[in-house]
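**Student:** Quick one, fold the following:
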Amino acid sequence: MSDLDVITAADQARQSALASAVSAIQSLQQGAPEVPDGNDPTVQAFQRQLFVVLDSNFWDVVAQALTAIESNQAYTGYAPFIPDHTVTDFAHVDGSLDYNLGITFGDPFFNADYTCQREVITHEFFHYVVGAQHHYGTTSTQDALACPHHLAELVFDIAVGEVGGCGDGATCF
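**Tutor:** Numbers count the residues shown, from 1 in each chain. Next up is the predicted model:
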C-alpha cells in the first residue's frame, strides 16, 4: 500500500469509530437524567478515559464529549495528508491549527500497526476541535475533555473496546 492508502485506511477507521461512538453515546443518553448503570460498557469507557464519576455532572460530561466527537466527525473532507518519513513523531498538525495546512504523518506512523494508526489520526483531528494542548497524565475530567489523546481513547474504547494501540500493546475491554 502507498503511504496515502495507509493514511486513508486509518481515516476510514476513524470515521467508522466516530459513528459507532456517537450512536452508543446517544443510546446512553436515552437514560438521562437517571443515574446510569455502572456496568454499561459505554459508562465504563467514560469512567476509564475521562475519569467521570456517576454524580450530577455525569450527563454534562457526556454531552461535552459527544459535542467534541461530533465535531471531529464533521471533518469529512480531507485535510491535506502529508506523509513525511523524515518526521520522528507519529503525526502532527501545524501549530496554528489551520486545517488547510493538513496533518503531517511521520515515519513512526507508517511503522505502527493499524490500531495505533487509527488512534493517531483520530487524535490529530481532535486537535482541530480542542486545541494544541495535551494532558496525557491527567486524572481531571475537564483536562481529559480538552485532550486529543483522551478523547481518541474514549472513541475507540466505546466503538471497539480497545485502547492504547500505540503503547506496549492494546488493551481490550
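**Student:** And the strands in the chain, which stretches?
**Tutor:** 81-83, 91-93, 103-105, 162-163, 171-172 (DSSP state E).
**Student:** Show me the helices in the protein, by range?
**Tutor:** Under the criterion DSSP state H, the chain contains helices at 3-29, 41-50, 58-73, 107-111, 114-130, 141-145, 148-160.
**Student:** Save the ones you listed as CSV, and put in distance to residue 92, mean pLDDT and mean neighbour count too.
**Tutor:** Heads up, the C-betas are built off the backbone N, CA and C, glycines and all. Written out in CSV, the entries for the helices of the chain read as follows (distance: least, C-beta to C-beta, whole Å; pLDDT from 0 to 100; neighbours: other C-beta atoms under 10 Å):
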stretch, distance to residue 92, mean pLDDT, mean neighbour count
helix 3-29, 14, 97, 18
helix 41-50, 22, 97, 20
helix 58-73, 16, 98, 18
helix 107-111, 10, 96, 17
helix 114-130, 7, 96, 23
helix 141-145, 20, 98, 19
helix 148-160, 11, 97, 25
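**Student:** among those, which is nearest residue 96?
**Tutor:** helix 114-130 (10.9 Å; C-beta to C-beta).
**Student:** For residue 56, give me the pLDDT.
**Tutor:** The model reports residue 56 with a pLDDT of 89.
**Student:** Count the residues that sit near it.
**Tutor:** 9 (other C-beta atoms under 10 Å).
**Student:** For this protein, list the residue farthest from the centre, please.
**Tutor:** Largest separation from the mean C-alpha position in the chain: residue 34, at 26.6 Å (C-alpha atoms, centre = their mean).
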